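1. take this sequence and fold it.
(2 chains)
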Amino acid sequence: MLSEDVLWLTVEELGRQIRARKISPVELAQAYLARLEKLGPKLGAVATLTADLALEQARQAEKEIAAGRYRGPLHGIPYGAKDLLATRGITTTWGAPPFRDQVFDYDATVIRKLRDAGAILVAKLAMIELAGGGGYNNANASLQGPSRCPFNLDYWAGGSSSGPGAAVPSALVGFAIGSETLGSIITPAAFSGVSGLRPTYGRVSRSGAMALSWTMDKLGPMCRSAVDCALVLEAIAGHDPSDPSSLPDSAFRWAPARSQQRAGTSTPAGKPLAGKKLGVLAPGTGPQVHAEVREAFAAALEVLRSLGAQLEETELPDLPYGAVASVLIAAEGASIFRPLIESGKVQELIDERQKAGLIASLSLPATDYLDACRLRTEMLPALAKMFTTYDALVAPSRTAPASRVDRDFDAPAPGTRPPEERRERPPAGAGNTRNLLGASNVAGLPAISVPCGFTKENRLPIGIQFVADALREEVCIACAAAYQSATGWHRRRPTL
Amino acid sequence: MKRIHRRQFAKLAGGMVAAVAVSRAAPSLQEPVPKLKLTPQQEERVREAVTRRDRQLAAIRNRTLPYALEPAFVFRVQRSAGKRRI
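-> The predicted structure follows:
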């Protein structure tokens, strides 16, 4: 019988014990399955349990490891996949009622790669319907109901990778795979206290994943530590001819010590970020920024400074990132879901704002889409130039903690001012958090969000994000890992 | 419940006069069977969604883009995998 403490271990720690045969993959899978069954419904985390497949994969892993055929750090580790990844013979609902019975006869490339790495699929995890493509207005916009923040069940886990957000910090799985088009990994990572990595666009194959926006969709790991994200990325990255956007040189290797040695930049003890210059995008003093987010971020910057990082305030080039991101998603999503909309099946969706957004997107002029694509051309070098000065950009992951599950998103977040007082635009050129989310997604840049505090009153997680240049995930992961080596926010457990 | 089809989406959602004109000029094209019905409240929500979108689009529409600025995607011709002429 495994102790419950084992379930909270990181992938790195679990992997070591599995390799040493101190933990049995079968017992581990059984323990996570039992926890998924017990707590999954309470958290709204699960779409489908895959118990039979999991136990079969676990038995195979156990046999291989016993025979000395160890595949790597994910061998024998149970995980959950957001329910937009195709899994052969298992329901894949896309979180949406019109697709409640959808079954594919193939596995997504990511699922196949994880199987090859020896990981064990224990559950398909809940998500916002259609990954929120039409623009949703509350946490209930999911076939599986609202996913809840494990640290306070009255609050949302974040979306659209809401199931992974709820499941990872509750130790229902060893790690999870989420997806991001515009904030869908970073937001649940921030709201639920997860370490979530959004890889460079084209780093991880999208083949077999629900498409919302062909030019914006990314798949990435959601874990209990930054280093875990690196280990999972190693397994899922790499070129895939079945995804036209997959980059040819997209394999990823996590070897921070070796790459530092090669670059001749070994750091003094206790200063792992010495020599790293970080561009700080201050959250500002606007009414949309929660006071405790500001405080937690300021404290996190002090930690980064103590780790040797050189910090400098900066701003993003003044370009309409949010508008461009929205137009790209609306136009591509309208094309993808046009049959759903025109057939009338869109009416089966749960969220009224999402329905209206999808219907409205059918009339988006092509010229606006093309202008957005042209502005994207302008944004790419403007943002790339920032990384000639900075190793990474750092900002709060979100300006406010999670909202209540029973409250519409357009209602004010706790600790911020009501909407009528929030109408003023942030000053032009201000490097605010929302801009960074749009900018980094439009440019396909990698980012990681890790917990950097909790609100005092409601015990809600707060996140900090590091954004790096394209294909430089190791930089943002190294910053986050260094931060986690000096703090314990990512080790906090919810009481469930 | 009111029946609505694609042309009406465009009208309802605004700004698609040109597309409607083009589709009228091509009567041989088969119209999709209209199935989507919207309630008055839903029509209002669609109008609101368009208004929100137009507010956001102003940030793009108000910009003058350089003439030579091309979209951030690349069309490439594909060579046949078959015989090549010598």
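2. excluding its backbone neighbours, what's nearest A:Glu180?
-> Among residues not flanking A:Glu180 along the chain, A:Arg198 sits closest, at 4.6 Å (CB to CB, 6 or more residues apart in numbering or on different chains). The way it works is simple: take the backbone N, C-alpha and C, and place the C-beta from them, glycine included.
3. one more: A:Thr187?
-> Sequence neighbours aside, A:Gly158 is the residue nearest to A:Thr187 in space, at 4.3 Å (criterion: CB to CB, 6+ apart).
4. what's the local residue count around the one you found?
-> Neighbourhood size, A:Gly158 [other CB atoms under 10 Å in any protein chain shown]: 35.
5. could you measure from it over to chain B?
-> According to CB to the nearest CB, to the nearest Å, A:Gly158 stands 22 Å off from chain B.
6. next up, phi/psi of that residue, please.
-> Dihedral angles of A:Gly158 (phi, psi; degrees, to the nearest 10) stand at phi 100, psi 160.
7. show me the strands in chain B, by range?
-> B:2-3, B:37-38 (DSSP state E).
8. these: lowest mean pLDDT?
-> Lowest mean pLDDT of these: strand B:2-3, a mean of 57.
9. and the residue of chain A positioned farthest from its centre, how far from A:Arg21?
-> Distance from the centre of chain A peaks at A:Ala67, with 35.3 Å (CA atoms, centre = their mean). With distances taken as CB to CB, to the nearest Å, A:Ala67 is found 11 Å from A:Arg21.
10. do the same with A:Ile448
-> In terms of CB to CB, A:Ile448 sits 32 Å off from A:Arg21.
11. who has more neighbours out of the two?
-> Taking other CB under 10 Å, A:Ile448 and A:Arg21 do not tie; A:Ile448 has more neighbours (35 against 13).
12. now that one, what's its secondary structure?
-> Recorded secondary structure, A:Ile448: strand (DSSP: H, G, I helix; E, B strand; the rest coil).
13. got a list of what it touches?
-> Contacts for A:Ile448 (CB atoms under 8 Å, 6 or more residues apart in numbering or on different chains) come out as A:195-198, A:226, A:229, A:465-466, A:473, A:476-477, A:479-480.
14. now do B:Tyr80, the pLDDT please.
-> Wrong residue type there; residue B:80 is Ser, not Tyr. Listed pLDDT for B:Ser80 reads 77.
15. I should have written A:Ala413 there, sorry.
-> pLDDT, read off for A:Ala413, is 62.
16. kindly report the same for B:Arg6.
-> Note for B:Arg6: predicted pLDDT of 55.
17. now do A:Thr389
-> Note on A:Thr389: pLDDT of 97.
18. equivalent analysis for A:Ala428, please.
-> Confidence at A:Ala428, expressed as pLDDT, is 40.
19. repeat for A:Thr285
-> A:Thr285 is given a pLDDT of 74.
20. can you check A:Leu2 too?
-> pLDDT recorded at A:Leu2 is 89.
21. so what's the closest residue to A:Val475 other than its chain neighbours bridging to?
-> In space, and not counting its chain neighbours, A:Val475 is closest to A:Ala468: 4.2 Å by CB to CB, 6+ apart. Taking DSSP bridges as the rule, A:Ala468 bridges to A:Ala392.
22. surely A:Ala439 and A:Ala323 touch.
-> No: A:Ala439 lies out of contact with A:Ala323 (CB atoms under 8 Å); the separation is 11.6 Å.
23. got the contact list for A:Glu352?
-> If a contact means CB under 8 Å, 6+ apart, then A:Glu352 has A:137, B:42, B:45 as its contacts.
24. and residue 73, how many neighbours?
-> In the absence of a named chain, chain A is used. 25.
25. um, chain B though
-> Using other CB under 10 Å, B:Phe73 has 11 neighbouring residues.
26. great, nothing more from me.
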